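J.: For reference, the sequence and a predicted model appear below.
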Amino acid sequence: MSELLTTAQMRAIEAAAIESGRVTGLELMERAGAGVVEAIMEEWPALAKSSYRAVVLCGPGNNGGDGFVIARLLMEREWEVQVFLYGAPETLPPDAKTNYDLWCRLGDVLPLSEKDFRKDGRNTADIYIDAIFGTGLSRAPDGELAQFLRHLGGAGGDDYAARMVSVDAPSGLCLDSGRVLVPPPPEAIANLLDARPHGAPVYSDRFAALTVTFQSAKAGHFLAEGPAVCGKVVVKDIGLSDWQKRNLAAKGETRHPAKGLRIPKLFMRDGPKGDADPQLRHLTYDMAMLSKYRGAGSHKFTYGHALVLCGAAGKTGAARLAARGALRIGAGVVSLGVPAAAMPEVTAQVTSIMTARIDSAEDLHEALKDSRITTLCLGPGMGIARAASLLPVALRAKRKTVLDADALTALSQDPALMALLHDDCILTPHAGEFARLFPQISARLKALAISGPAYSKVDATREAAAAAGCSVLYKGLDTVIADKTGRAILSPAYYSRAAPWLATAGSGDVLAGFITGLLARGMPVLVASEMGAYLHVECARSFGPGLIAEDLPEELPKVMRALGVA
Ligand SMILES: NC(=O)C1=CN([C@@H]2O[C@H](COP(=O)(O)OP(=O)(O)OC[C@H]3O[C@@H](n4cnc5c(N)ncnc54)[C@H](OP(=O)(O)O)[C@@H]3O)[C@@H](O)[C@H]2O)[C@H](O)CC1
Ligand SMILES: [K+]
């Protein structure tokens, strides 16, 4: 697990480092600039072998300061460099001003306007350096600046993306939310019926080929439009890990909805083994947890008994997929709760999965007298009416419970059912189900983002979990998992973890099954949800093209072996 920093936390860490006297802002800026040049030469080795032409676009803050450092370092490599500055030199912050002055000994600086850029910068460079805004983007760029950024983003038909290197973030991207704050052009806004649909990019598609960020990736690199605009994200260490490890949640930042809590850390699994950092241990389960053998006395019930509730005849496939996923990932026993009319169809298709006839809430109540049933899964293919009829008994049983699909729709239609949710529940909505369950939160997430830090999917998921009183896994390419105390994990399927094949019928049912199986094995809700989401993507990536949902459980043994599960 690695921690994803908010921009406020990044600023707090930088300030603490500088206050310690062990490093200056100027040294950090030099390291940042050098890190970008290093990343460029690593990405395109041919550029290290000769001199080329670069256009460097600097903004009014320290991101611009990084730009002046980069310009100077490229000049030292005998590159031809043209620098533009948006803003007045005399209002640059001290470190940026120092680097502006150093640059001015080597070359000139043109005012950044689209007209000048088109005359002196457009399409003449091998590399464009975007150092206009980084973590300090505080509001939506307006007027000419917005128009210029849209031009850089391809609005005018010029494709800079293949040669654009963004410093810290593509300028205009909010690094806390992944939302592009640059507004659509005025004529487009006039045609909008309401807020710009979430994720409808203002930039044509990619803004940069390479984004170089510092010390740690930020959530915005993985959320909403971030992955679409960043190109490849490279993290360069600038020597702040001593301060990063301290829990430097940003002072006074209490945006978490659970009343004044300092913003809890946001984690992302960045490798099979997770992070060795003991601070993260409480959230990191090595894969060994999957294979943990409970000793000589172990028997199938040692690894939990999951009950997956099934839909009506002809609609049992989703629950069977979930049940298979739960068994494959390690539940000791999995049963399907099947209506009598569907029993022939189900028993003809399952072997190691057991069946129990469950038509009514009374039948479920009877079945749950067996205390060995530790975990429930309701929703896949269940039908809304059946889900609504069984949910009260299921939720009152206070077992670990995965609620997906039709169970989520049933919940969204009845506040009395929502009130029965408890700590050991996990809701797994996709965007449509999330909007039905949490309409106000969803609307806020979809509204046009005009200031930074913009409201993010992490904020929305935390808020939903706090409102529901249980954990929420908000699905998507940028899946976010949060519990009601605000602990949150990002589980993105982007960059090297892209898994487009997951967009296939039934893959959500298998995910519900994976989480069910891990809960049955005794994992805490947040960890089981994150691990289930992680392995779900890994199975899709392992199988690749041609994937159908049935393949996901069957791919798991290979994936777990590759991840070191004994
Ligand atoms: N802090 C350090 O030691 C290091 C920082 N690094 C680099 O610095 C940036 C963060 O620098 P910062 O100055 O905080 O922020 P930015 O450069 O991103 O931009 C802030 C300035 O931009 C103005 N601003 C913000 N939004 C807009 C807008 N929509 N339109 C016009 N101007 C805008 C803002 O003005 P305010 O009115 O908001 O005050 C600021 O003038 C970080 O990203 C790194 O690149 C080093 O890398 C490491 C050391
Ligand atoms: K930038």
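T.: Looks like it came in fine. Ligands and ions are numbered 1, 2, ... in the order given.
J.: Confirm for me that residue 334 is in contact with residue 353.
T.: Yes. Assessed by C-beta atoms under 8 Å, residue 334 is found in contact with residue 353 at 5.1 Å. Yep, even glycine has a C-beta here, placed from its N, CA and C like the rest.
J.: Between those two, which has more neighbouring residues?
T.: Taking neighbours as other C-beta atoms under 10 Å, residue 334 and residue 353 compare with residue 334 leading, 28 against 21.
J.: phi, psi of that one?
T.: In terms of degrees, to the nearest 10, the main-chain angles of residue 334 are phi -130, psi 130.
J.: Excluding chain neighbours, what is closest to it?
T.: Nearest non-adjacent residue to residue 334, counting by C-beta to C-beta, 6 or more residues apart in numbering: residue 327, 4.5 Å away.
J.: and that neighbour, how many neighbours does it have?
T.: 22.
J.: That one - that's part of a strand, no?
T.: No. In this structure, residue 327 is helix, not part of a strand, as judged by DSSP: H, G, I helix; E, B strand; the rest coil.
J.: Can you verify my assumption that it contacts residue 352?
T.: Yes. Assessed by C-beta under 8 Å, residue 327 is found in contact with residue 352 at 6.4 Å.
J.: which neighbours do those two share?
T.: Residues touching both residue 327 and residue 352 (C-beta atoms under 8 Å, 6 or more residues apart in numbering) are residue 334.
J.: Show me which residues of the chain sit near ligand 2.
T.: Within the chain, the positions adjacent to ligand 2 are 130, 166-167, 171 by C-beta under 5 Å from the ion.
J.: Widest-spaced pair of those?
T.: For these, the maximum inter-member distance is 8.6 Å, found between 167 and 171 (C-beta to C-beta).
J.: who touches both of those two?
T.: By C-beta under 8 Å, 6+ apart, residue 167 and residue 171 have these common neighbours: 63, 130-131, 134.
J.: Would you list the buried entries among those?
T.: For these, a burial check counting by 16 or more other C-beta atoms under 10 Å picks out 63, 130-131, 134.
J.: Overlap in contacts, residue 334 and residue 353.
T.: The contact sets of residue 334 and residue 353 overlap at 323, 327 (C-beta under 8 Å, 6+ apart).
J.: out of everything not next to it in sequence, what's closest to the residue in the stretch 401-550 of the chain positioned nearest to ligand 2?
T.: The nearest approach of the stretch 401-550 of the chain to ligand 2 comes at residue 452, 13.1 Å away (C-beta to the ion). Counting by C-beta to C-beta, 6+ apart, residue 452 lies nearest to residue 174, which is 4.3 Å off, once chain neighbours are set aside.
J.: Tell me how far the one you found lies from ligand 2.
T.: 12 Å (C-beta to the ion, to the nearest Å).
J.: ok, so what distance separates the residue in the chain sticking out farthest from the centre from ligand 2?
T.: What lies farthest from the middle of the chain is residue 105; by C-alpha atoms, centre = their mean that is 43.1 Å. Separation of residue 105 from ligand 2 (C-beta to the ion): 24 Å.
J.: Quick check, pLDDT for the residue nearest to residue 476 when sequence neighbours are not counted.
T.: What sits nearest to residue 476 in space, not counting adjacent residues and going by C-beta to C-beta, 6+ apart, is residue 431, at 6.4 Å. Residue 431 is assigned 96 on the pLDDT scale.
J.: Contacts only, for residue 431.
T.: By C-beta under 8 Å, 6+ apart, the residues touching residue 431 are 442, 474-476.
J.: hang on, residue 338 packs against residue 357?
T.: Yes. Judged on C-beta under 8 Å, residue 338 makes contact with residue 357 at a distance of 6.2 Å.
J.: if you count what's nearby, which of those two comes out ahead?
T.: Higher neighbour count among residue 338 and residue 357: residue 338, with 27 against 13, using other C-beta under 10 Å.
J.: Got the phi and psi for the more buried one?
T.: According to degrees, to the nearest 10, residue 338 has phi -120, psi 130.
J.: circling back: of the residues of the chain next to ligand 2, which ones also sit close to ligand 1?
T.: The residues of the residues of the chain next to ligand 2 that also fall near ligand 1, by C-beta under 6 Å from any ligand atom, are residue 167.
J.: So which of the residues of the chain next to ligand 2 belong to strands?
T.: 130, 166-167 (DSSP state E).
J.: Closest to residue 427 out of those?
T.: Closest to residue 427, out of all of these and judged by C-beta to C-beta, is residue 166, at 35.4 Å.
J.: Next up, the contacts around that closest one.
T.: So residue 166 contacts 130, 207-208, 210-212, 230-231 (C-beta under 8 Å, 6+ apart).
J.: rerun that using 6 Å as the cut-off
T.: By C-beta atoms under 6 Å, 6 or more residues apart in numbering, the residues touching residue 166 are 130, 208, 211.
J.: For the second one, give its distance to ligand 1.
T.: As defined by C-beta to the nearest ligand atom, to the nearest Å, residue 208 lies at a distance of 14 Å from ligand 1.
J.: does that residue really touch residue 163, like I thought?
T.: No. With contact defined as C-beta atoms under 6 Å, residue 208 does not reach residue 163; the gap is 9.3 Å.
J.: Settle it for me: which of those two has more neighbours?
T.: residue 208 (28 against 18).
J.: OK, contacts around the more buried one?
T.: 164, 166, 170, 231.
J.: and it, that's in a helix?
T.: No. Residue 208: not assigned to a helix; according to three-state DSSP it is coil.
J.: Look up phi and psi at it.
T.: With angles defined as degrees, to the nearest 10, residue 208 sits at phi -130, psi 150.
J.: re earlier: among the shared contacts of residue 167 and residue 171, which one sits closest to residue 395?
T.: So of the shared contacts of residue 167 and residue 171, ranked by how close each gets to residue 395 (C-beta to C-beta), first place is residue 134, at 46.0 Å.
J.: can you pull out the helices in the stretch 201-350 of the chain?
T.: Secondary structure of the stretch 201-350 of the chain (DSSP state H, counting those that start in this stretch): helices at 226-230, 241-245, 288-291, 317-329, 343-347.
J.: now the stretch 401-550 of the chain
T.: Under DSSP H, counting those that start in this stretch, the stretch 401-550 of the chain gives helices at 405-412, 415-418, 431-437, 439-446, 457-468, 507-520, 525-543.
J.: looking at the ones you listed, which is closest to residue 481?
T.: Residue 481 lies closest, by C-beta to C-beta, to one member of those: helix 525-543, at 4.8 Å.
J.: what helices or strands is the closest one leaning on?
T.: The helices and strands touching helix 525-543, judged by 3 or more C-beta pairs under 6 Å, 6 or more residues apart in numbering; DSSP states H and E, are strand 471-474, strand 478-482, strand 488-492, helix 507-520, helix 551-562.
J.: Check what pLDDT the residue nearest to residue 334 gets.
T.: We have a pLDDT of 97 for residue 327.
J.: For residue 268, see how far away it is.
T.: Remark: distance between residue 327 and residue 268 (C-beta to C-beta, to the nearest Å) = 28 Å.
J.: Repeat that for residue 435.
T.: As judged by C-beta to C-beta, residue 435 and residue 268 stand 25 Å apart.
J.: Of those two, which one has the most company?
T.: Remark: of residue 435 and residue 268, residue 268 carries more neighbours, 20 against 17, as counted by other C-beta under 10 Å.
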